[in-house]
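Asker: Below are the sequence and a predicted model for it; my questions follow.
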Amino acid sequence: MNKTVLKSMEIIRLFFDEESLTLLQIMNKTDLPKTSAYRMAESLLELGFLEKDKNGAYRLGLIFLVLGNLVAERLDIRSITLPYMQRLRKETGEAVNLVIRDGEEAVYIEKVDTQESVRVFTQIGRRAPLYGGACPRVLLSFIEPEEQEQLLQSFDIVPYANGTPKDKDDVRRLIEETRKKGWSISHSELENYSSAIAAPIFNHKGDVVAGISLVGPEVRFRDEVHVQEMITKLTEAAKHISAAIGADKSES
């Protein structure tokens, strides 16, 4: 393992028990030479992992508050969402997936498989580009326009399947449609002959934090009446999950 990373982590761990530490105290507790201790502490300071108080002592930076909230929020989403996912599977017969954003990708963090013999299999931990597939796309569609455009500029559009968006203008069109409707649908975007309908989940601040989708073979997602029924059930579930997350956060 990288020694610099290990020593940096050793410094951070000191603050699990101490609110603030001077450079001398860090040196004494880690047995690091003054130059090394200073260089690591200042690097952690620059990255936001540490900050200095008015006396020049180091303490944990606010980035840990942000990271802690993100971890708690994502864990909360899984436990809160699972009952809704199970109900959706029962009501629609289709598989249900839950995704969150990780940088330029969507990550599947929970699923409830269909009991149908013909199905689309999704593995927890799977990653997908934000521009492809209904569920990843809702994560992209409801972030701030400036960040959205930065992501679009960074994308290298790869044709995963027959229906993958062809270029960035195609993605922009789909984003606009998704924002207007409040949900997204895809056919053969990540895998041929598979379809998905997805809706966004928002936190108490109105930020999109996850996407929930119904997934199955494309042949079962072509009947307009059936699709509309699934959209209604899915968007209602997404609203209830968002409200649950918002209520939990406002009380904490």
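Answerer: Great, that's in hand.

Asker: Tell me the secondary structure of the closest residue to Asn203 other than its chain neighbours, please.
Answerer: Closest residue to Asn203 apart from its sequence neighbours, by C-beta to C-beta, 6 or more residues apart in numbering: Val209 at 4.9 Å. Using the backbone N, CA and C atoms, a C-beta is placed for each residue, glycine as well. Per DSSP: H, G, I helix; E, B strand; the rest coil, the secondary structure class of Val209 is strand.

Asker: and if you look at Val227?
Answerer: Following three-state DSSP, Val227 is assigned to helix.

Asker: Same question for Val96.
Answerer: Secondary structure, three-state DSSP: Val96 is strand.

Asker: That one contacts Gly216, correct?
Answerer: No: with contact defined as C-beta atoms under 8 Å, Val96 does not count as touching Gly216 (10.1 Å).

Asker: Please say which of those two ends up with more neighbours.
Answerer: Neighbours per residue (other C-beta atoms under 10 Å) separate Val96 from Gly216, with Val96 holding more: 26 against 21.

Asker: before we move on, back to that, close enough to count as contact, the residue nearest to Asn203 and Ile100?
Answerer: Yes: here Val209 reaches Ile100: they are 6.8 Å apart, a contact under C-beta under 8 Å.

Asker: what packs against the top helix by length along the chain?
Answerer: In the chain, assigned by DSSP state H, the helix with the most residues is helix 63-92. With contacts taken as 3 or more C-beta pairs under 8 Å, 6 or more residues apart in numbering; DSSP states H and E, helix 63-92 sits against strand 95-102, strand 105-112, strand 208-217, helix 224-251.

Asker: Deepest-packed of those, please.
Answerer: The highest mean neighbour count among these, using mean count of other C-beta atoms under 10 Å, belongs to strand 208-217: a mean of 25.

Asker: That one pairs with which strands?
Answerer: strand 95-102 (antiparallel), strand 194-202 (antiparallel) (DSSP bridges).

Asker: So for the longest one, mean pLDDT?
Answerer: Right, the one you point to is strand 194-202. Averaged across strand 194-202, the pLDDT comes to 96.

Asker: Alpha carbons of that strand, as CSV, please.
Answerer: What follows is strand 194-202, C-alpha atoms only, in CSV (Å, rounded to 0.1, in the frame of the first residue of the first chain):
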residue,chain,number,x,y,z
SER,A,194,-34.4,-4.4,-23.2
SER,A,195,-36.5,-1.4,-22.1
ALA,A,196,-36.7,0.7,-19.0
ILE,A,197,-38.9,3.4,-17.5
ALA,A,198,-37.3,5.6,-14.8
ALA,A,199,-38.2,8.4,-12.4
PRO,A,200,-36.0,10.7,-10.3
ILE,A,201,-35.8,10.7,-6.5
PHE,A,202,-35.1,14.0,-4.9
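
Asker: In that strand, which of the residues would be classed as buried?
Answerer: Ser194, Ser195, Ala196, Ile197, Ala198, Ala199, Pro200, Ile201, Phe202 (16 or more other C-beta atoms under 10 Å).

Asker: likewise stretch 5-19?
Answerer: Buried residues in stretch 5-19, counted by 16+ other C-beta under 10 Å: Lys7, Ser8, Ile11, Ile12, Phe15.

Asker: any idea how the chain splits into domains?
Answerer: According to automatic domain parsing, the chain comprises the domains 3-61, 70-251.
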